[in-house]
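*Asks:* let me see the structure of the following:
(2 chains)
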Amino acid sequence: MGAAAPSPDEIFGQGIQAAGDKDWDKALSLMEQALAADPNNLRYGSEYRQAVVSRAIALHRKEGTPQDFERSLNYFEKLVKDNPNAENAWLNYGFAYVDKIPAAGSITQVILANTALTQFSKSIALKPTWIALYTRGNSYLYWPRIFGRAGLGVADLEKAFAMQKAEPKKSYHVRVYTSLGDGYWKTDNIEKAQAVWNEGLKQFPDNQGLKDRLSKQGDDLGAYIDNALDPNKRVDTNLKELWTSR
Amino acid sequence: MTRSFAVLCAGGFCGLALVAGTAAEPWFEEITHKAGIFAKHSNRVFDNPYAKIMAGYTALGASVAVADFDGDGFDDVYITDSSDDGKNHLYRNNHDLTFTDVGESAGIANGNDSRNASAAALWFDFNNDGRPDLLVVRFGHNQLFENLGGGKFEEVTKKAGLDRYMNAITAIAFDYDHDGYVDLFVGGYFKPVDIFKPDTPNFFPENFETAQNGGGVVLFHNNGDGTFSDVTEKAGLKQSGWTLSLGHGDADNDGWDDLYVACDFGTDHFFRNNHDGTFKDLTESAIGIDTKKGMNVDWGDFDNDGLLDIYVTNITDDYMKEGNFLWHNNGNLTFSDVARETGTYNTGWGWGAKFFDYDNDGWLDLYVMNGWVSAGQESYVPDIFTMITTPGLDLSDARNWPVMGNKSLSGYQKKRLFHNERGQLFKDEAPRFGLDSERDGRGIGIADFDNDGRLDMIVANANAEPQLYHNKVPNGAHWVQFLLEGVKSNRSAVGAQVRIVSDGNKRLSFVNGGNSFAGQSTSRVHFGLGKATTLESVEVRWPSGAIDKYHGLAVDQLYHLKEGSSTKRK
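*Replies:* Purely as a prediction, here's the structure:
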């Protein structure tokens, strides 16, 4: 009698090990196997994408090349095609586009960001989770004001805010306080921005981002938020806080 | 070899009188109208099925080119128009900061018609007769005018072998093979389809970041007999990007000028001169592959480390944050972008930019033109991004591009005058000096029009009047200028490097053949000297390889240095 086939978790663990060893091809192959077996696994998808990002940065200058991200995009494209109801696969698919943004030119960045929003919306249509609403809402805030998307971001973030209020407090909830305030600021509602940042600081008194925002005004605050929402900077799309937070 | 020297007393001025201005005096005075240089530039209005679309992408052609065309010791100015019946202007310097338009009588005013639109101009002495000749760079057929002297020019385009259809937008001239004649390097924007009566709609960029369906570059070798030959492929320079600006400079101090090619919709290129009439593409190792919208190339040693650096403008705005490049020369044929660190990263939608020392403190400053189309209040940005995010569009098809109409795109942007803070930082002084006009700037020419040792600026604006700024900086800083004449080298000495030591400080500059977008500066080499009252040494490295050294030159003078022999008074 042969040995039992390894479980998705075991395959995924081997992938994590290979990524730690910088054996990128092996790592990505193993993680893809794990995802294929459990396509809606948010953690598998997130760690897989982080391995892709790490590989790109390790192999190429700065943020990697656009080609470095083709493998994960192609993989997720097939994954959601095979599993159209896996909301977390759609979410990670969108994040895969976000991961590519810093390696792309400025126009392609817009296309990638727009496509990411499409995938996030499919995830939300399947299941409007806190993480999906926060993600899409925050993504809207990166768009220049002229596109008028900040209001859409505020709408998503307000829904995520309401959801987290109904849940036990988690460390990652501070993100919505921050982003919702940024959204209010971008829609010229500075009083509501300060109110939500203040409320966030009461909940998370050590959060430097909230302290910084509340210590600044006018152009200084604008420059700070613009810098925080600079599309040329890599956005941390690692979702591990979701499963490590207490 | 140590040479003697002579002072060139241009128009009776011997460079001794530094103005002791008062604090209340403006440092720069706009004298455009007083000087008589105020003919408005007009963009070309096309008459074809794509005209409304093209209007948004052809707000080009405002340019300036400076040279002393009549050899009277004062720099003159050629300014282009682009409208169908628009005249180009040759403004002869009257020696009193006024100018007279002699373009018509000189025979070089007719640069525009229904099948040609002026895009830029370049002075270069192609026949080594000591008189600068003129290339009018055009969408259509370029024009080469031979300077006959006596204020007359003759068109010799066909005779020179330069008559071909190009959508040329920029040109420089330098002696890439050191045969003693300046060669011609021309950049094309659109591919060479007749954009006045196109027989295809597919002449727009195929994408925004890696487009290879542009006009590329053409290297014309000067045969020394008044003709030119296309040697682009043989020289290893063939490419098909959307060229906007060209710059030559000696990156590795080997005495041979290398090349930087700035391209819209795709990567810039860096080529090393192989000393044998060919170039090697070192883009990836020298600057990396970029996806930006390169608009300008100017070379200058901004940090006085003895190596020429490069400034390139790109597009930076709320909706697109490419950032300019300030390529610091690492000395090993690689460059590091220090634009962020030096404060020169974000100027807006950048165009021409020039290194020059406006306050004669010994550090090269930067004047940067900005802004694309300043029209109505409504923005064109949403239109263009709707197109960008529409899947499957063939962007090379002009019909897929939205009409701009009266909308603005990166309009009303201010020009920047960056003061060089000892090679570490640049501080924008344009508002302080009233040099932050919001007209849609394109090119800039730098010259000392009144021979007072302070560099003046002439700005070309699209669809607007030019602007002439008289430099009246009252700090009393010293300076020196050199007018070089090659003998074995090309007569106009393009590519000659001048190294000076003053108060122990080393400085490097060179004679450039028209670097930067839509603007050619004086052919004189100018150094600001700050408080230094002596020049310990001057070394000229000629393109021929000869080196001349001079000692004991006085400051605040303009010198005429002739290759390999004692200089002579003009």
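*Asks:* what sits closest to whatever residue of chain B ends up closest to chain A if chain neighbours are left out?
*Replies:* Nearest residue of chain B to chain A, counting by C-beta to the nearest C-beta: residue B:291, 2.7 Å away. C-beta coordinates here come from the backbone N, C-alpha and C atoms, glycine included. In space, and not counting its chain neighbours, residue B:291 is closest to residue A:105: 2.7 Å by C-beta to C-beta, 6 or more residues apart in numbering or on different chains.
*Asks:* and that neighbour, how many residues sit next to it?
*Replies:* Residue A:105: 22 surrounding residues under other C-beta atoms under 10 Å in any protein chain shown.
*Asks:* again with residue B:59
*Replies:* There are 23 residues near residue B:59, going by other C-beta under 10 Å.
*Asks:* and it, that's in a helix?
*Replies:* No - Residue B:59: not assigned to a helix; according to DSSP: H, G, I helix; E, B strand; the rest coil it is coil.
*Asks:* quick check on it: phi, psi?
*Replies:* When read as degrees, to the nearest 10, the backbone of residue B:59 gives phi -80, psi 60.
*Asks:* wait, it touches residue B:463, no?
*Replies:* Yes - using C-beta atoms under 8 Å, residue B:59 makes contact with residue B:463 at a distance of 6.6 Å.
*Asks:* hang on, the earlier thing: helix, strand or coil for the residue of chain B closest to chain A?
*Replies:* Three-state assignment for residue B:291 (three-state DSSP): coil.
*Asks:* ok, now how distant is the closest residue to residue B:259 other than its chain neighbours from residue B:185?
*Replies:* In space, and not counting its chain neighbours, residue B:259 is closest to residue B:271: 4.2 Å by C-beta to C-beta, 6+ apart. Per C-beta to C-beta, to the nearest Å, residue B:271 is found 10 Å from residue B:185.
*Asks:* what bridges to residue B:280?
*Replies:* When bridges are taken as DSSP bridges, the partners of residue B:280 come out as residue B:272.
*Asks:* how about it, what does it touch?
*Replies:* Shown in contact with residue B:280 (C-beta atoms under 8 Å, 6 or more residues apart in numbering or on different chains): B:236, B:271-272, B:274.
*Asks:* count the residues that sit near residue 135.
*Replies:* Using chain A. Applying other C-beta under 10 Å, we find 26 residues neighbouring residue A:135.
*Asks:* could you do chain B instead?
*Replies:* 27.
*Asks:* one more: residue A:240?
*Replies:* Residues near residue A:240, counting by other C-beta under 10 Å, number 12.
*Asks:* repeat for the one 5 residues further on
*Replies:* By the criterion of other C-beta under 10 Å, residue A:245 has 11 neighbours.
*Asks:* same deal with residue A:10?
*Replies:* Residue A:10 has 13 neighbours, counted by other C-beta under 10 Å.
*Asks:* let me see the contact set for the closest residue to residue B:495 other than its chain neighbours.
*Replies:* Leaving out its chain neighbours, the residue that sits closest to residue B:495 by C-beta to C-beta, 6+ apart is residue B:543, at 4.3 Å. Counting by C-beta under 8 Å, 6+ apart, residue B:543 makes contact with B:175, B:178, B:255, B:257, B:486, B:489-490, B:493-496.
*Asks:* can you put those in JSON lines and add neighbour count, pLDDT and secondary structure?
*Replies:* Shown next, in JSON lines, are those (neighbours: other C-beta atoms under 10 Å in any protein chain shown; pLDDT from 0 to 100; DSSP: H, G, I helix; E, B strand; the rest coil):
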{"residue": "B:175", "neighbour count": "25", "pLDDT": "98", "secondary structure": "coil"}
{"residue": "B:178", "neighbour count": "20", "pLDDT": "98", "secondary structure": "coil"}
{"residue": "B:255", "neighbour count": "17", "pLDDT": "97", "secondary structure": "coil"}
{"residue": "B:257", "neighbour count": "25", "pLDDT": "98", "secondary structure": "coil"}
{"residue": "B:486", "neighbour count": "26", "pLDDT": "98", "secondary structure": "coil"}
{"residue": "B:489", "neighbour count": "29", "pLDDT": "98", "secondary structure": "coil"}
{"residue": "B:490", "neighbour count": "31", "pLDDT": "98", "secondary structure": "coil"}
{"residue": "B:493", "neighbour count": "30", "pLDDT": "98", "secondary structure": "coil"}
{"residue": "B:494", "neighbour count": "26", "pLDDT": "98", "secondary structure": "coil"}
{"residue": "B:495", "neighbour count": "29", "pLDDT": "98", "secondary structure": "coil"}
{"residue": "B:496", "neighbour count": "27", "pLDDT": "98", "secondary structure": "coil"}
